[in-house]
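> Next comes the sequence, and after it the predicted model I'd like to discuss.
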There are 2 protein chains.
Amino acid sequence: MDRRQKKTRDAIFTAFTALLSKKQYHQISVQDIIDEANIGRTTFYAHFETKDFLLKDLCEELFGHIIGTAMGLPHDHDHCTRASKTDSVFLHLLRHLKENDRNILELLSSQNNELFLRYFKDNLKKLIISQYVEQGKLQNKSLPTDYLINHISAAFVETVAWWLSHGRNESPEEICQYFLSVIEPVL
Amino acid sequence: MDRRQKKTRDAIFTAFTALLSKKQYHQISVQDIIDEANIGRTTFYAHFETKDFLLKDLCEELFGHIIGTAMGLPHDHDHCTRASKTDSVFLHLLRHLKENDRNILELLSSQNNELFLRYFKDNLKKLIISQYVEQGKLQNKSLPTDYLINHISAAFVETVAWWLSHGRNESPEEICQYFLSVIEPVL
DNA sequence: ATAAAAACAGAACACAGTGTTCTGTATCAA
DNA sequence: TTGATACAGAACACTGTGTTCTGTTTTTAT
């Protein structure tokens, strides 16, 4: 890929991220992004069809990375310890989040958090399917599997959102413990 | 209140609801609402400052009613049976929802469901606080109360969303049982 | 090194949607 | 009946969008 393209794309992402941590998505104009990124109008539209597509691409880059590394994690084959404090995929995710790569925490705790939490949840579902369902770890007699997947994903995302909205004072280990406390009975 | 005002307000709500069940919120223009409601442009802006305020008022009317009736419910003072199938506030909510008053189910399962589910969750939190926290029913040694409130609210809203997205084939009783299964350990 | 190709800047444009202001009409409540 | 008020409809300025144009700079390939 052309260096110029990469440079411009990065500048747009950076500018967009900066704006998103300050203003509501719907009150950010393309002109705002252009000014912040210091590029031409034509250039923006050469890279992204609309502002919505920019958001989509940003989300895919953010969560594709985070979930991707978790996907590659070794599966835990010991059912008795899978909910322990140290080997959970969820703890891995929380630690990864704490690193705040690409300022993802600012986005997840901004006024626009719902935008990103939705993407987060969608990707999380895929992760849970690959790490739990396909390993046969999510057998439940009375509850539908997709109901469980949805519940677990939602609960984790809500946990992260709660953590961020309260100033993330707790450690990833503590937060993971909170999450496992409320979710362990079904996991 | 003037009969004309009430008539117009209802027409706007009805038109808006109809449009919301077909199109995305952000691609509904004020002109669309005006045409659907068959009113003048001035009239719309005499009733609602912007489209956002219309949405807000609609939500308040929808959820204020549902949550309001549940607020008035008698408190359950028997801790041993509070999670039983028949006396839960949650079952009451599900039964009320099933009546589909003001087409609320269409809104909650439309493309715009996230808009309404957020309002739903916010109001649910207040309900849980008044029905559980203030009755001292939500004591937990290791978990923060606001974390629990958030978890329970989110879980219920997700349960309703799942129910609707799957064609609401289950009865309120079954759905309530699903919910209580995943939430009972912390309730 | 040089020429073709591609990415860029910036201005101008048509278009759609917003919220306001105006004039005049129809409906209400007293 | 009368004064007040809700209404319809047109016109308006304004903001933001996405495109098209011209010309410049940078990259890549020969």
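Nice, thanks for sending it over.

> Sketch out the low-pLDDT regions of chain A for me.
Counting by pLDDT under 70, the low-confidence segments of chain A come to A:75-87.

> How much space separates the spatially most central residue of it from residue A:73?
For chain A, the residue whose C-alpha lies nearest the mean C-alpha position (Cα atoms, centre = their mean) is residue A:120; its distance is 3.7 Å. Residue A:120 sits 17 Å away from residue A:73, taking Cβ to Cβ, to the nearest Å as the criterion. Any C-beta I mention is one placed from the backbone N, CA and C, and that applies to glycine too.

> I'd say the residue nearest to the centre of chain A and residue A:63 touch.
Yes: under the criterion of Cβ atoms under 8 Å, residue A:120 makes contact with residue A:63 at 5.9 Å.

> if we can go back for a sec, tell me who's in contact with the residue nearest to the centre of chain A.
Contacts of residue A:120 were listed using Cβ atoms under 8 Å, 6 or more residues apart in numbering or on different chains, and they are A:63, A:108, A:157, A:160.

> please redo it, this time with the cut-off set to 10 Å
Counting by Cβ atoms under 10 Å, 6 or more residues apart in numbering or on different chains, residue A:120 touches A:59, A:62-63, A:66-67, A:93, A:97, A:104, A:107-108, A:113, A:153, A:156-157, A:160-161.

> Ok, residue A:71 next?
Counting by Cβ under 10 Å, 6+ apart, residue A:71 has contacts A:64, A:89, A:123, A:126-127, A:130-131.

> returning to what we had before: closest to DNA strand D among the contacts of residue A:120?
Distance from DNA strand D was checked for each of these by Cβ to the nearest atom of the strand. The minimum falls on residue A:59, at 17.7 Å.

> how about the residues of chain A near DNA strand D?
For chain A, the residues in contact with DNA strand D (Cβ under 7 Å from any atom of the strand) are A:2-4, A:29-31, A:41-42, A:45, A:49-51.

> can you do 10 Å?
Proximity of chain A to DNA strand D is confined to A:1-7, A:26-34, A:40-46, A:48-54 under the rule Cβ under 10 Å from any atom of the strand.

> Now, of these, which are buried?
Buried members of these, scored by 16 or more other Cβ atoms under 10 Å in any protein chain shown, are A:28, A:32-34, A:43-44, A:48, A:51, A:54.

> Now for those residues: which two are most distant?
Checked with Cβ to Cβ, these reach their widest spread between A:28 and A:43, with 17.4 Å between them.

> Packing partners of the strand or helix carrying residue A:160?
For residue A:160, the enclosing helix or strand under DSSP states H and E is helix A:145-165. Judged by 3 or more Cβ pairs under 10 Å, 6 or more residues apart in numbering or on different chains; DSSP states H and E, the packing partners of helix A:145-165 are helix A:89-98, helix A:104-108, helix A:113-131, helix A:172-183, helix B:145-165, helix B:172-183.

> Mutual contacts of residue A:120 and residue A:63, please.
Both residue A:120 and residue A:63 are in contact with residue A:104, where contact means Cβ under 10 Å, 6+ apart.

> Show me chain A divided up by domain.
For chain A, the structural domains run A:3-48, A:58-183, going by automatic domain parsing.

> out of those domains, deepest packed?
Of all the domains of chain A, domain A:58-183 has the most neighbours on average by mean count of other Cβ atoms under 10 Å in any protein chain shown, namely a mean of 17.

> That one: end-to-end distance?
Its start and end residues considered, domain A:58-183 measures 30 Å (Cα to Cα, to the nearest Å).

> so can I have TSV of the contacts of residue A:71 showing distance to residue B:14?
Below are the contacts of residue A:71 laid out as TSV (distance: Cβ to Cβ, whole Å):
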residue	distance to residue B:14
A:64	42
A:89	47
A:123	38
A:126	39
A:127	42
A:130	45
A:131	46
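
> any idea which of these is closest to residue B:187?
Nearest to residue B:187, judged by Cβ to Cβ, of the contacts of residue A:71 is residue A:89 at 26.2 Å.

> wait, the closest one sits on residue A:129?
No: under the criterion of Cβ atoms under 10 Å, residue A:89 makes no contact with residue A:129, lying 12.0 Å away.

> Show me what from chain A comes close to DNA strand C.
For chain A, the contact set with DNA strand C under Cβ under 10 Å from any atom of the strand comprises A:1-12, A:34-35, A:37-47.

> 6 Å instead, please
Within chain A, the positions lying close to DNA strand C (Cβ under 6 Å from any atom of the strand) are A:2, A:4-5, A:8, A:39-43, A:46.

> Quickly check those for the two that are furthest apart.
Based on Cβ to Cβ, the longest span within the residues of chain A next to DNA strand C runs between A:2 and A:41 and measures 19.4 Å.

> Off-centre distance for stretch A:177-185?
Distance, stretch centre to chain centre, for stretch A:177-185: 20 Å (Cα atoms, centre = their mean, to the nearest Å).

> I meant to write stretch A:155-166 there.
Here the centre of stretch A:155-166 is set off from its chain's centre by 11 Å, with Cα atoms, centre = their mean.

> Ok, stretch A:113-121 next?
Counting by Cα atoms, centre = their mean, stretch A:113-121 is centred 7 Å from the centre of its parent chain.

> can you check stretch A:143-158 too?
Once both centres are worked out by Cα atoms, centre = their mean, stretch A:143-158 turns out to sit 16 Å from its chain's centre.

> Likewise for stretch A:135-146?
24 Å.

> Need the residues that contact it.
Under the contact criterion Cβ under 10 Å, 6+ apart, stretch A:135-146 has outside partners A:75-77, A:79, A:82, A:125, A:128-129, A:131-133, A:147-152, A:186-187, B:162, B:165-166, B:170, B:174, B:177-178, B:181-182.
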